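Q: curious how this folds, go ahead:
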Amino acid sequence: MTALPLPPVPEPYHLPFHYGALHNIGVDYLVSPGPCRDLLAKRHPGLAVALFDGMACVSLNYQLYFAQYPGGGGITQEVEINVIAHPQFAEDRLPELNYGQYARGYDQTKLLGIARMHVLCDNPLAIDAGRRLYAEPKRAGWFDAVMPSLNAPSVRERWSVSCRRASLGPEGLSRHDGELFAVEADLVGLTPEGVDNTPITGYGTDEEGRLLAGPLNVHQQYRFYALDDRSAARVRLSLGERSEVAAEDGEAEEVVGDLDRLVGNAPAAGVWTYQSPPVAAHHRPYYVR
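A: Alright, predicted model coming up:
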């Protein structure tokens, strides 16, 4: 068997890409596998849908991250819409897992990964890097987000993310009216558990149809919230009006339509969060005299 070459790393990029800080919430839905199989065959034909007790898993993943460069720094927000999947040839190499075991990191083959269906991002450089390095289906979007913060102690374990339509042009990213979707999670009073579920394998399919995988390592534990029939109501997904979105942007309408087909009214099965710990604090002043 001939060894495969490594995917190229085009200029001006360098790998690995180091995050200076990361704030992250993911919401998982257990859904009927049929629509996931249909979309996966269209977007990533080298992958097969992972099944957990006969159900597929769709994951929405919001990230706010900071990166430092030689000339300064950059802040990026993005949302991934993923189907949990594995390479088709790897069926007999995977352990049999239920969703709870998967979420807690029991799969150490790391063949189970996120097949990116859509990625929306507010940083033109990150959009270009995601497309060229990892074959992500990445396009412009912008976000209104509220999340727990040590700088606003009254906001406790409540997250809300609104993803809105944007476009890229010669002047950079342009924001437009119209919400594509929004996720709200009220986790106050729920007890999380620390889980070691990284590296996370992210799958992409390039323009030549080649399947590639890129691992993401997060160097501390995630907080995982397992949801039951009662606590699932703590998470709400709302979709924008498809006809209004379609009138403005056919590609954006595809995002809304795919989410509707994949998730629909399914309740959330689990939530996982990660927030980088602070590295410094500027304290309260005092009078000298």
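
Q: what residue ranges in the stretch 101-250 of the chain score low on pLDDT?
A: Residues of the stretch 101-250 of the chain meeting the criterion pLDDT under 70: 242-249.

Q: tell me where it has helices.
A: Using DSSP state H, counting those that start in this stretch, the helices of the stretch 101-250 of the chain run over 124-134, 242-248, 250-262.

Q: stretch 91-100 - what's its average pLDDT?
A: Across stretch 91-100, pLDDT averages out at 93.

Q: redo the helices of the stretch 101-250 of the chain as CSV? Include distance to residue 150 and mean neighbour count.
A: Every C-beta, even on glycine, is put in place using the N, C-alpha and C of the backbone. Below are the helices of the stretch 101-250 of the chain laid out as CSV (distance: least, C-beta to C-beta, whole Å; neighbours: other C-beta atoms under 10 Å):
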stretch, distance to residue 150, mean neighbour count
helix 124-134, 25, 19
helix 242-248, 36, 14
helix 250-262, 32, 19
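
Q: wait, which of those is closest to residue 288?
A: Closest to residue 288 of these is helix 124-134 (C-beta to C-beta; 44.5 Å).

Q: output the contacting helices and strands for the closest one.
A: If you count contacts as 3 or more C-beta pairs under 8 Å, 6 or more residues apart in numbering; DSSP states H and E, helix 124-134 packs onto strand 72-87, strand 113-121, strand 138-146, strand 211-216.

Q: buried residues, the third one. List them.
A: By neighbour count, and taking 16 or more other C-beta atoms under 10 Å as the criterion, the buried residues in strand 138-146 are 138-143, 145.

Q: swap in the shortest one?
A: Of the residues in strand 211-216, those buried under the neighbour-count criterion (16+ other C-beta under 10 Å) are 211-214, 216.

Q: can I get the helices and strands packed on helix 124-134 in TSV with distance to residue 264?
A: Conversion of those to TSV gives the following (distance: least, C-beta to C-beta, whole Å):
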stretch	distance to residue 264
strand 72-87	14
strand 113-121	15
strand 138-146	21
strand 211-216	28
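
Q: how about the backbone phi and psi for residue 54?
A: Phi and psi for residue 54, reported as degrees, to the nearest 10, are phi 90, psi 0.

Q: and the residue most central in space within the chain, which helix or strand is it part of?
A: The chain has residue 61 as the residue nearest its centroid, 2.5 Å off, counting by C-alpha atoms, centre = their mean. Assigned by DSSP states H and E, residue 61 falls within strand 56-69.
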